[in-house]
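Visitor: Provided below for reference: sequence and predicted model.
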Amino acid sequence: MGAIGLSGFRPELADDPSRYLKETSAGEERFDVLVKGARCAGCIAKIERGVKAVPGVREGRLNLSTGKLVVTGKSLKPETILRYIRDLGYDAQPFDAGEMLMLQIHYVNAATQDTPFKGRGGANLHRSHDGDTMELGTLFATQQNIRICRSNPTPTYGGGCSMPQGTHTVAAANGHFHSRGRRFSIYAWDGVSTSRPPDSARFYQSEAWAEPDMATGLDVQLPQGGGIYWTCEYQWTEPADGCEALQAADPQHSTDCCYTFGPKVETSEHCNVFLYYWPKTADVTCF
């Protein structure tokens, strides 16, 4: 499992850091800050001494292992505190321990894909402007009857996946296939039709296999009693090392040099949907 790091904070999203102020039981104000880059005792001492010099601050305590700085005092000015820490050379962002986060990391082991960090994962976390947090429901859908063969080089696979009863709104979506994939599409679906929905119902499309797009900030309301419909379009390619490995992995033992469902990028294919919705009623899986 790779390490999850915090990076890429955009200060412009925290337009009013004073909203992170909390009142303590002693009648003071408390401001929590996530500090990145402080990796030594000297760094901690420098930050704590510096923050204490900011008007209104009584105390600043920085935890080396978590990077969390707790500032207490009266009439605190969060913008001044953040600016002071950043001027010292550290990344600083307001922190609320009650925030709920969505994180997805997918590792691919492929000789055809460069992995410069050897499995290390990184996450960019941005706080929304909404005042309330909400747990997202997840949907995972996969098509496993994939056959991309020399005699049928441009097939399309997909299917429908129904949601639980109720009204559901899609917040984020991602589609994943391997290197024969050419286009991945996800549509709002009525739950009844057996054919692909019209283009007007499509809310996600990606043509990238190595780094597929994660669409965030969606606000797609799915039809009552419906769900999503997804398609994966493929293009057969000649295997670099011949067809022997493909044929060995083919459950039908065909000699048609077919890529079938499986984990290896070089010899098999995927057609997977990762989707997040609200309000959560269940975690949905469709196989």
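Guide: Received it, and whenever you're ready, just let me know what you need. Residues are numbered from 1 along each chain as shown.

Visitor: where are the low-confidence patches of this protein?
Guide: The model of the chain has pLDDT under 70 over residues 1-15, 65, 97-134.

Visitor: may I see the domains of it written out as residue ranges?
Guide: 4-94, 134-286 (automatic domain parsing).

Visitor: three-state assignment of Y84?
Guide: Secondary structure of Y84, reduced to three states by DSSP: H, G, I helix; E, B strand; the rest coil: helix.

Visitor: what residues does it make contact with?
Guide: G50, V51, V54 (C-beta atoms under 8 Å, 6 or more residues apart in numbering). In this view, the C-beta of every residue, glycine as well, is placed from N, C-alpha and C.

Visitor: TSV for those, including secondary structure, neighbour count and distance to P78?
Guide: Listed next are the contacts of Y84 as TSV, based on DSSP: H, G, I helix; E, B strand; the rest coil; neighbours: other C-beta atoms under 10 Å; distance: C-beta to C-beta, whole Å:
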residue	secondary structure	neighbour count	distance to P78
G50	helix	16	15
V51	helix	25	11
V54	coil	17	10
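
Visitor: just curious, which of those is nearest to N145?
Guide: V51 (59.3 Å; C-beta to C-beta).

Visitor: helix, strand, or coil at the residue nearest to the closest one when sequence neighbours are not counted?
Guide: For V51, ignoring the flanking residues on the chain, the nearest one in space by C-beta to C-beta, 6 or more residues apart in numbering is G60 at 3.7 Å. The three-state label given to G60 by three-state DSSP is strand.

Visitor: what bridges to G60?
Guide: Beta bridges link G60 to V71, judged by DSSP bridges.

Visitor: next, count neighbours for Q224.
Guide: For Q224, the number of neighbouring residues by other C-beta atoms under 10 Å comes to 12.

Visitor: check the gap between it and D199 for me.
Guide: 22 Å (C-beta to C-beta, to the nearest Å).

Visitor: and what of A245?
Guide: 37 Å.

Visitor: so for those two, which sits in the more crowded spot?
Guide: A245 (14 against 9).

Visitor: let me know whether T167 touches Q221 as I believe.
Guide: Yes. Counting by C-beta atoms under 8 Å, T167 touches Q221, with 6.7 Å between them.

Visitor: report the contact partners of Q235.
Guide: I148, P153, T154, R180, R182.

Visitor: now do T216
Guide: T216 touches A171, A172, counting by C-beta under 8 Å, 6+ apart.

Visitor: for it, give its distance to W189.
Guide: Taking C-beta to C-beta as the measure, T216 falls 21 Å from W189.

Visitor: just I47 next, same as before
Guide: 52 Å.

Visitor: ok, now T72?
Guide: Applying C-beta to C-beta, the value for T72 to W189 is 52 Å.

Visitor: compare those two (neighbour count), which wins?
Guide: More neighbours surround W189 than the other of T72 and W189, with 22 against 18 (other C-beta under 10 Å).

Visitor: so for the more buried one, what's the nearest residue that isn't a sequence neighbour?
Guide: Y229 (3.8 Å).

Visitor: cool, P197 as well?
Guide: With C-beta to C-beta, 6+ apart, the residue lying closest to P197 is Y187, at 4.1 Å.
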